[in-house]
Every structure is written in structure tokens, then in C-alpha cells.
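*Asks:* task: produce atomic coordinates for the following.
(chains A and B)
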Amino acid sequence: MSKFHVSTTVNGDTVEYLCDPRETLLDCLRDKLNLTGAKEGCGTGDCGACSVTVDGRLVCSCLMLGVEADGKQIETVEGIAEGDVLHPLQQKFIEHAALQCGICTPGILVAAKSLLEKNPNPTEEETRYWLAGNLCRCTGYDKIIRAVMETAAELREAS
Amino acid sequence: MDYHSPASFAEASALAANATGTTRFLAGGTDVLVQLRSDLVTPNTLIDIKKINGVQDITRNADGSWTIGVAATGAEMSEHAELVRDWPGVVEAMDLIGSTQVQGRATLTGNLCNGSPAADSVPAMVAAGVTVTVTGPDGSREVAVEDIPTGPGRTALNKGELISAVNIPARGANGGDAYLRFIPRTEMDIAVVGVGVNLRLEGDTITEARVSLGAVAPTVLLVEDCAKAIIGSTLDEAALDALAAAASAACNPIDDKRGTIAFRTEVSGVLATRAAKIAYARAKGEQA
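*Replies:* Next up is the predicted model:
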């Protein structure tokens, strides 16, 4: 089986990899690029633990093939912090203890960041619907929602 | 598995026509990849149609009709203000499918070709009178959406054929459409019953109507008796009762963990009346 050569941009860096057409973007991020922030929860697009953005659009990286990433702009949780400086969302998640086991957290951070870029002033309902595809089995969601809402408020004040 | 990303529908069709074993076309991949990963369907040939020019486009034509590219996503449809204004029912049906992440990939064409009797966008497209352009080895033909599904997971597309465009008619004056579904949760679930209604008014009287039911038969249904029940009426109580009765009578559902036959039959009538009221209000230019 011939492999495909893929050239893409991940968190601003140009990267290349060879992949089998059956491998998902999630497989490629984790196993070829060592970006293990995106997690495989279900592998069927239900849990959102593998969330990344592709050309600015929030997607499940388990529902996209590695070959489809050619020429795209991918953003993962690894690109959210700037060096040692955490993104306000990350900071708020820590302050609110909006995580327990942490498996869902990278996907939720990517999804929440995508929401705030699209809608800097979401209602709680909009936030809950936006994050409905990110399952968390530990927290009961309340702390996550509060962390996102408070980050949104602070970012609005700062801008 | 061979992976191809052709540059034209003719090339895609030729690849499929000459392929052996199982062939799948890849648009958003939200069904194809799930089937692939769970070993339900492992295609020998996978044909990615997203490199074909224009497949992401949502275009309003000169006559007011719409052409939706086969890879245009639910998110792109929901963000298209003019499309939402013309066909809110079609867009709200598509928008009900899956999560934000799934909306970033999922397409009308994929929802149709997956062949699920419970597909949300399909009853809305049937009610709206949507057609698809089917490209095959012998050229292209236009097919009504209701003629594509032939049973659960099966379509009327022949070997080498694929859908190359989704054609939504011009909205025209005094028209409105709506889609409602019942699910036991508030979001992220599969329809137990889905109803699409599209109608047109002259004054307060309904002059044209199409009503479609999902998840209550092996394929999505276009129910003429439902349309007859409300055409000529002002959607008064008697017409709504007749509509509900016609919708329930058209049901041929299964019992499963998401709903019983009796429940689905009852709910079809209830949802048909509610969807009709929303479509009627939209046709009158009221927010609903």
C-alpha cells in the first residue's frame, strides 16, 4: 500500500508526514507529529476529545483522514498557550478546577477558544450548545461552563 | 484501500465505475469514517470529492434558486444569512445533525447518501422540493430527493454515479418551510420522528404544500394526504386535525429502543401540526 505525502501547517509550523489513507488526522497528529494533546475518546465523533480546528473550523480530528489535511491550517491545544504564558481559558480552567481526569480538557479548550473567536459574548445556553459535542464524565460541566463564561467576560473587558 | 481525490465529477464517476469491491465517496466523512473505523464498511476505493472545483460553494442563482455544493457544510449553511432567510426549515434540519464539530464537516449530500430513514435534512429537503444532480458514466440527470433513498442504507444511485449538486428551488413569494423532530434529549440524538413542511399562501389560504415524514418508515416519506389536508385551508383546527390524522396514517414505523410504533405514530401527527404552524407563520412573514 502506497503512502501519501502530506504537507500541512500545524500551530503555524509547516510539517510533513507520510500516511496510510486509512489513518485519521488524529492518528497523524499523535503518532507522527507527537502532538498528543488531542485524545482519542470514542473514535466516532461523539465525544470531542480529539477536537482541533482546520482552516478555522472546529472539527473532530478522528472524523478526518490524515491525507485530507494536505494544505490546511490546523490548530491544536498545543498552540493555545504562548510559550510559558497560558491562554486565559487555560488559566480560568485551573482557577475553577474545571477538570478532573483531564482527558476531555484539550478538546474543550480548543472548542471553547473557537466559540469565543466566533462569539465573544455567548449566553450560557449558547455556550452549552456549542460544547455539547465535548463530553466530560467527571465534572458535571458546571465548572467548565463557568470558566468559559468568565474568560469571555474578562476578554471583553480587556479588549 | 485506494484513496483518490479527482478534480472533476466525470473523473470521480469514471474512478467509481472502474473500481472493484466496495466504493465510498468522501465528502464530510462523518458517516464514512465512523463506518470505516468501526469496521462496518471498509471501502476498497475511497474517492474524496472535496478537490473538485466549487463543491464548497453555496450559490444563489439568477432565478432565485440555490445550488449547494456537495461538500458545503452544515456550519456554512447556518452562517449563510440569505439561505437561512429563504429556507429556514432546510437549514434548521441540517443544523440539528450532531455537534458543532460534526457541523464543521457534515453535508446535505452525505446525509442523503448515508440512507438513514432518520436523517434530519432529508425530510426538510423533500418538503422543500429539492432535487439533486446525479453524475454518472452516461452524463448527468436530475433526481428528486425523495427518489434517492430506497431503504435503510440504500440509494437509487447506480455504480459509477454520484451526486454532483443539490438544487433548492426559488423560495418565491409567501412561502415558508419548517422542520421539527422528536428526540428524548435536547440535542445530539437521532430523530424518533421528523417532519418537514413547506407551504405557500395566497392571503391566509394555503395554495401549495408538501409534507414529509422521517424515521417512521424504511425511507423518508412524501405524504400527499398531508398536503391535501391543508391545501385550501387557513390552517384552522379542522385542517390541523386532518393533517395530524393523515401523518399518523402514513406511518409504517418500527419498535426500537428510541420509540415504539404507537409513540411514533402519535408523535408524527403532533409534530406535523406544529411544523405546519411554524411554516405558516414564516410564510406570513412572522418570526417563528
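
*Asks:* got the CA coordinates for the helix ranked longest in chain A in PDB?
*Replies:* Using DSSP state H, we find that the single longest helix of chain A is helix A:142-158. As requested, the backbone C-alpha atoms of helix A:142-158 are provided in PDB (Å, rounded to 0.1, in the frame of the first residue of the first chain):
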ATOM      1  CA  ASP A 142     -20.800  23.400  35.600                       C
ATOM      2  CA  LYS A 143     -17.300  24.400  36.300                       C
ATOM      3  CA  ILE A 144     -16.400  24.200  32.700                       C
ATOM      4  CA  ILE A 145     -19.200  26.500  31.700                       C
ATOM      5  CA  ARG A 146     -18.400  28.900  34.400                       C
ATOM      6  CA  ALA A 147     -14.700  29.000  33.400                       C
ATOM      7  CA  VAL A 148     -15.700  29.700  29.800                       C
ATOM      8  CA  MET A 149     -18.200  32.400  30.700                       C
ATOM      9  CA  GLU A 150     -15.800  34.200  33.000                       C
ATOM     10  CA  THR A 151     -13.000  34.000  30.400                       C
ATOM     11  CA  ALA A 152     -15.400  35.500  27.800                       C
ATOM     12  CA  ALA A 153     -16.200  38.400  30.200                       C
ATOM     13  CA  GLU A 154     -12.600  39.100  31.000                       C
ATOM     14  CA  LEU A 155     -11.500  39.000  27.400                       C
ATOM     15  CA  ARG A 156     -14.300  41.500  26.600                       C
ATOM     16  CA  GLU A 157     -13.100  43.800  29.300                       C
ATOM     17  CA  ALA A 158      -9.500  43.500  28.100                       C
END
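
*Asks:* is it in proximity to chain B?
*Replies:* No. Figure legend: helix A:142-158 not in contact with chain B (C-beta under 8 Å from any C-beta of the partner chain); closest approach 13.3 Å. For every residue, glycine as well, the C-beta is placed using N, CA and C.

*Asks:* how far is stretch A:82-96 from where the chain is centred?
*Replies:* Distance, stretch centre to chain centre, for stretch A:82-96: 14 Å (C-alpha atoms, centre = their mean, to the nearest Å).

*Asks:* whoops, stretch B:7-26 was the one
*Replies:* A distance of 23 Å separates the C-alpha centroid of stretch B:7-26 from that of its chain, computed with C-alpha atoms, centre = their mean.

*Asks:* next: stretch B:118-125.
*Replies:* The answer for stretch B:118-125 is 3 Å, by C-alpha atoms, centre = their mean.

*Asks:* likewise for stretch B:111-121?
*Replies:* With C-alpha atoms, centre = their mean as the basis, stretch B:111-121 stands 7 Å off its chain's centre.

*Asks:* cool, stretch B:23-33 as well?
*Replies:* 17 Å.

*Asks:* pull up the distance across it, start to finish.
*Replies:* End-to-end distance for stretch B:23-33, by C-alpha to C-alpha, to the nearest Å: 13 Å.

*Asks:* average pLDDT for it, rounded please.
*Replies:* Mean pLDDT, computed over stretch B:23-33, is 97.

*Asks:* ok, now stretch B:181-189?
*Replies:* On average, the pLDDT along stretch B:181-189 is 89.

*Asks:* do it and chain A meet at all?
*Replies:* Yes. Stretch B:181-189 lies within reach of chain A by C-beta under 8 Å from any C-beta, at B:E187, B:M188.

*Asks:* check stretch B:28-44 too.
*Replies:* Yes. Interface with chain A: stretch B:28-44 contributes B:G28, B:G29, B:T30, B:L33, B:V34, B:L36, B:R37, B:S38 (C-beta under 8 Å from any C-beta).

*Asks:* CSV for these, including neighbour count and secondary structure?
*Replies:* Formatted as CSV, the residues of stretch B:28-44 next to chain A follow (neighbours: other C-beta atoms under 10 Å in any protein chain shown; DSSP: H, G, I helix; E, B strand; the rest coil):
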residue, neighbour count, secondary structure
B:G28, 27, coil
B:G29, 27, coil
B:T30, 28, coil
B:L33, 25, helix
B:V34, 19, helix
B:L36, 20, helix
B:R37, 18, helix
B:S38, 11, coil
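
*Asks:* which two among those are spaced furthest apart?
*Replies:* Taking C-beta to C-beta as the measure, these reach their widest spread between B:G28 and B:S38, a distance of 17.0 Å.

*Asks:* tell me which element A:D27 is part of?
*Replies:* Following DSSP states H and E, one finds A:D27 within helix A:25-27.

*Asks:* that helix: what's the following helix or strand?
*Replies:* Following helix A:25-27 in sequence, per DSSP H and E, is strand A:51-54.

*Asks:* which parts of the following helix or strand past that next one are buried?
*Replies:* Counting by DSSP H and E, the next helix or strand C-terminal to strand A:51-54 is strand A:57-60. Across strand A:57-60, burial judged by 16 or more other C-beta atoms under 10 Å in any protein chain shown covers A:R57, A:L58, A:V59, A:C60.
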